[in-house]
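**Student:** sharing a model prediction with you, sequence too.
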Amino acid sequence: MYNWSTDTTELKKNTENYAIWKLEQMVSFGLSDQKLDKNLLKKYFDTLAIDPGRKAFLSFLLAS
């Protein structure tokens, strides 16, 4: 995943914030041949700032 608008070196210093940011980016803008980590998604699901429709769909997938 490549993001040109964010300095990830600074963001990586706080692992929790980086994990949340990376999940939000992957869900919102595409995975680019990567897979979502189901455990991380479950852990930070309530704190993700993503589209409500996508969040509902992910919730459905995680429940099954």
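**Tutor:** Thanks, I have the structure now. Remember, it's a predicted structure, so these values are computed and weren't measured experimentally.

**Student:** mind listing the strands in the protein by residue range?
**Tutor:** Taking DSSP state E, the chain contains no strands at all.

**Student:** for it, which spans come out with low pLDDT?
**Tutor:** Across the chain, the ranges flagged by pLDDT under 70 are 1-4.

**Student:** centre-most residue in it?
**Tutor:** L23 (1.0 Å; Cα atoms, centre = their mean).

**Student:** and that one, how far from Q34?
**Tutor:** Per Cβ to Cβ, to the nearest Å, L23 is found 11 Å from Q34. (Each C-beta comes from the backbone N, C-alpha and C, glycine too.)

**Student:** for the top helix by length along the chain, which helices and strands make contact with it?
**Tutor:** In terms of residue count, the longest helix belonging to the chain (DSSP state H) is helix 15-29. Identification of packing neighbours for helix 15-29 by 3 or more Cβ pairs under 8 Å, 6 or more residues apart in numbering; DSSP states H and E yields helix 8-11, helix 38-44, helix 52-63.

**Student:** mind checking how far it is from the chain centre?
**Tutor:** 3 Å (Cα atoms, centre = their mean, to the nearest Å).

**Student:** same question, stretch 13-31
**Tutor:** On Cα atoms, centre = their mean, the centre of stretch 13-31 falls 4 Å from the chain's centre.

**Student:** one more: stretch 33-40?
**Tutor:** With Cα atoms, centre = their mean as the basis, stretch 33-40 stands 8 Å off its chain's centre.

**Student:** what residues of that stretch count as buried?
**Tutor:** Going by neighbour count (16 or more other Cβ atoms under 10 Å), nothing in stretch 33-40 comes out as buried.

**Student:** which residues sit against it?
**Tutor:** Outside stretch 33-40, the residues within contact range by Cβ atoms under 8 Å, 6 or more residues apart in numbering are M1, A19, L23, M26, V27, L62.

**Student:** doesn't S28 make contact with D51?
**Tutor:** Yes: counting by Cβ atoms under 8 Å, a contact exists between D51 and S28, whose distance comes to 7.1 Å.
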